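*Asks:* Sequence and predicted structure, then a few things I'm wondering about:
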Amino acid sequence: SFFGWVLFCRGRWVAGAAGLSFHGLTQHFMYIRFPSLWACYVVLWDGERRSVLPPSTGARAERPTRSAARIHSASVVVVGSCLLLGALVQGVRGDTQAWPFACYPSFAALAPDRIVDLAVHFQFRDGGHHVLRNGPLPPSAKQARPQHAWSTVWRLAGLYGEPVSPSKLRAFAGELARRENPPLSLGRPYTLSVYTESYSIAPEAYGSEPLTRRLIHEETLLEQQE
């Protein structure tokens, strides 16, 4: 009923309340957060209605006001139609990796029974060993990983069709090392190993060991600048 409510001024308040309630409930019960979409609901607020030109009196002065209002309305219709058309075309095409328009991929297909993550291993010659990830160990309902963090991991792992890049994996590993508290020192010889790991998404499997682990990159670095 959302599309019906937005056609009316008072209905937009109902649509906004229902939409925000929907996102709040999915976050609470399903651990699916969409904070970036919450801010978009401001478009349902009409704001104050004002004339395009200052108020005037007399028949002659009224004509430019109406003309300007028509131009303003026409421009809104043209821009809005272009935005809607771009979104509809990409939605029909199913293009989730396009710019400036793309359809949203999260619910485009049934979810698989497992999720893929990256594990970055640092093995230092002095015996130190660290395993870093781009967020909480998946799947973790208590500590949800941000969407952009998952997107980064899947792109680096080649799940979007791009080839695995050693230089990007090296830079990603360095970023994870700097984000540690305290930061992980890389100014000594070490072996960098990056694995893709798959985890079951079944709730009863939360916190379990990965189902599969595959090495996608390994190299020995004698020294790296801090």
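*Replies:* Perfect, I can see it now. Residues are numbered from 1 along each chain as shown.

*Asks:* all contacts plus neighbour counts: C-alpha atoms, from now on.
*Replies:* OK.

*Asks:* Could you pull out the strands in this structure for me?
*Replies:* Secondary structure of the chain (DSSP state E): strands at 114-124, 129-132, 190-200, 212-221.

*Asks:* looking at this protein, which helix or strand does the model trust least?
*Replies:* helix 59-93 (a mean of 81; mean pLDDT, DSSP states H and E).

*Asks:* quick check, distance from that helix to the centre of its chain.
*Replies:* Mean C-alpha position of helix 59-93 versus that of the full chain (CA atoms, centre = their mean, to the nearest Å) differs by 30 Å.

*Asks:* tell me which residues in that helix are buried?
*Replies:* 65, 87, 90-91 (16 or more other CA atoms under 10 Å).

*Asks:* what sits opposite L192 in the beta ladder?
*Replies:* Beta-bridge pairing of L192, defined through DSSP bridges, involves F122, E219.

*Asks:* I figured it was touching L221, is that so?
*Replies:* Yes. At 7.4 Å, L192 counts as touching L221 under the criterion of CA atoms under 8 Å.

*Asks:* want to throw the strands of the chain into JSON lines with distance to M30?
*Replies:* Putting the strands of the chain into JSON lines (distance: least, CA to CA, whole Å) gives the following:
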{"stretch": "strand 114-124", "distance to M30": "16"}
{"stretch": "strand 129-132", "distance to M30": "26"}
{"stretch": "strand 190-200", "distance to M30": "16"}
{"stretch": "strand 212-221", "distance to M30": "25"}
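
*Asks:* what about the ones you listed, which gets the closest to P166?
*Replies:* strand 212-221 (6.8 Å; CA to CA).

*Asks:* Which among the strands of the chain is found nearest to E162?
*Replies:* strand 212-221 (13.5 Å).

*Asks:* could you dump that closest one to CSV, C-alpha only?
*Replies:* Output in CSV follows, covering the C-alpha atoms of strand 212-221 (Å, rounded to 0.1, in the frame of the first residue of the first chain):
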residue,chain,number,x,y,z
THR,A,212,35.5,-24.3,3.5
ARG,A,213,38.7,-22.4,3.3
ARG,A,214,40.6,-21.7,0.1
LEU,A,215,43.9,-19.9,-0.4
ILE,A,216,43.7,-17.1,-3.0
HIS,A,217,46.9,-15.2,-2.4
GLU,A,218,50.2,-15.7,-0.6
GLU,A,219,53.5,-13.8,-0.7
THR,A,220,56.5,-13.2,1.6
LEU,A,221,57.3,-9.5,2.3
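
*Asks:* Give the buried residues for that strand.
*Replies:* Neighbour-count burial for strand 212-221 flags 213, 216-218 (criterion: 16+ other CA under 10 Å).

*Asks:* So which of those residues is the closest to A157?
*Replies:* The nearest member of those to A157, counting by CA to CA, is I216 at 8.0 Å.

*Asks:* And the closest one, what's its pLDDT?
*Replies:* I216 carries a pLDDT value of 96.

*Asks:* before we move on, what about P136?
*Replies:* pLDDT, P136: 82.

*Asks:* you'd agree it is up against R145?
*Replies:* Yes. In this structure, P136 is within contact of R145 by CA under 8 Å, at 6.5 Å.

*Asks:* Which one's more surrounded, these two?
*Replies:* R145 (18 against 14; other CA atoms under 10 Å).
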